[in-house]
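**Q** turn this into a model:
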Amino acid sequence: MSAPVAVILAAGKSTRMKSEVPKVLHPVCGRLMIEYVLDAARAAGAERLIVVVGHKADLVRSSLAHHPDVVFAEQTEQKGTGHAVMMCEKHLAEHSGSVLILAGDTPLLQGGSLRALLDSQASQNAACVIGTADTRNNDGLGRVVRDSSGAFERIVEQKDASPEQRKITEINTGCYAFNTPLLLSALKSVKPNNSQSEYYLTDCPRILMDQGHKVAATCSLTIEEALGVNTRLQLSEVSASIQKQIQMQLMLSGVTLEDPAQTHVDFGVSIGRDTVIRPFTVIDSNVTIGDDCTIGPFVHVKGPRTIASGTRVA
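**A** Reported below is the predicted structural model:
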């Protein structure tokens, strides 16, 4: 079986971000938001990444041009998630393995969770496995409807959900593992018969089931991983989460952060053992700091820069 492919949806505007910059190009800890999603897909085993562009497509292309495993498909009209995946047909037509469908605005995704999604699909020989999460903060999210036996029945978008369905706390994270040929076949049957007149990718699982194929939904992701960035508030929330991860890794590797709450370190910064980072210090991307240094307080280290071991910067 060939290695999985990943499709990353990145065609949307930044309407709720109140920004002229495409949402997926907003920086999170010194790195483009979408690049975290690309890394998660790679960690899950994807060897080819298809990014669906639309709004300011040329800017997204140029911003990701340095990733050799990324190809692009363009969605010139915003007709929904199903339509976005349809635009990838030429890239998927010869692929017989699995395809991950991911959103480009979910930078907290973890490769291990996506790998579990693919493993579940393989072990169940399923046409589709939907990654779900459980949360009471389900406003605006698609609900996972199950039958009386607990088996997956369908996904209902909030705009189309009944009052009873809106009470469901199991939500669709927007992460899927599909059998590629079956996905392409199901997309041909998707109709824009909903309140938005859009082609919903979420209709594909039901179509596949009606064709006699197995579809499952597994709670393999945390709600934090599924957090999509639609507003500046959500951008700050995911930035804080990633910053915490960066700082935790540094401290576990032998770096002292005297006051993590008053320190910011960008993604990819390298800091050696026994180095002390004092409060009110900001360290940008492309910075390498050696062992036994003291940085700060009240210092902004801009990259690219290498600081030799034993250096004091104040």
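
**Q** hey, where'd the strands end up in the stretch 51-200 of the chain?
**A** Using DSSP state E, counting those that start in this stretch, the strands found in the stretch 51-200 of the chain span residues 70-74, 98-103, 128-134, 143-146, 152-156, 170-179.

**Q** show me the chain divided up by domain.
**A** 5-218, 253-313 (automatic domain parsing).

**Q** how far off centre is the last one?
**A** Relative to the mean C-alpha coordinate of its chain, domain 253-313 is positioned 28 Å out (Cα atoms, centre = their mean, to the nearest Å).

**Q** what distance separates the start and the end of that domain?
**A** Domain 253-313 has an end-to-end distance of 21 Å (criterion: Cα to Cα, to the nearest Å).

**Q** and the first one, by the same measure?
**A** Terminal residues of domain 5-218 lie 20 Å apart, using Cα to Cα.

**Q** quick one: average pLDDT of it?
**A** When pLDDT is averaged along domain 5-218, the result is 94.

**Q** nearest spatial neighbour of Val299, skipping sequence neighbours?
**A** Excluding the flanking residues, the one nearest Val299 by Cβ to Cβ, 6 or more residues apart in numbering is Thr281, at 4.9 Å. Placement of C-beta: from N, CA and C, glycine included.

**Q** could you check how far that neighbour is from His264?
**A** 8 Å (Cβ to Cβ, to the nearest Å).

**Q** check Gln110 too.
**A** 22 Å.

**Q** do the same with Ser185
**A** In terms of Cβ to Cβ, Ser185 sits 48 Å off from His264.

**Q** quick one: which of these two has more around it?
**A** His264 (19 against 16; other Cβ atoms under 10 Å).

**Q** just the mean pLDDT for the strand or helix carrying the more buried one, thanks.
**A** Under the criterion DSSP states H and E, the helix or strand holding His264 is strand 263-265. Mean per-residue pLDDT for strand 263-265: 98.

**Q** what's downstream of it, the next helix or strand?
**A** Downstream of strand 263-265 (by DSSP H and E), the next one is strand 270-271.

**Q** strand partners (parallel or antiparallel) of the next helix or strand after that next one?
**A** Downstream of strand 270-271, the first helix or strand assigned by DSSP H and E is strand 276-277. Looking at strand 276-277 with DSSP bridges, its partner strands are strand 256-257 (parallel), strand 294-295 (parallel).

**Q** next, format those strands as TSV and append mean pLDDT, mean neighbour count and distance to Pro192.
**A** Below are the strands paired with strand 276-277 laid out as TSV (pLDDT from 0 to 100; neighbours: other Cβ atoms under 10 Å; distance: least, Cβ to Cβ, whole Å):
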stretch	mean pLDDT	mean neighbour count	distance to Pro192
strand 256-257	98	17	51
strand 294-295	98	20	55
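
**Q** thanks again, I'm all set now.
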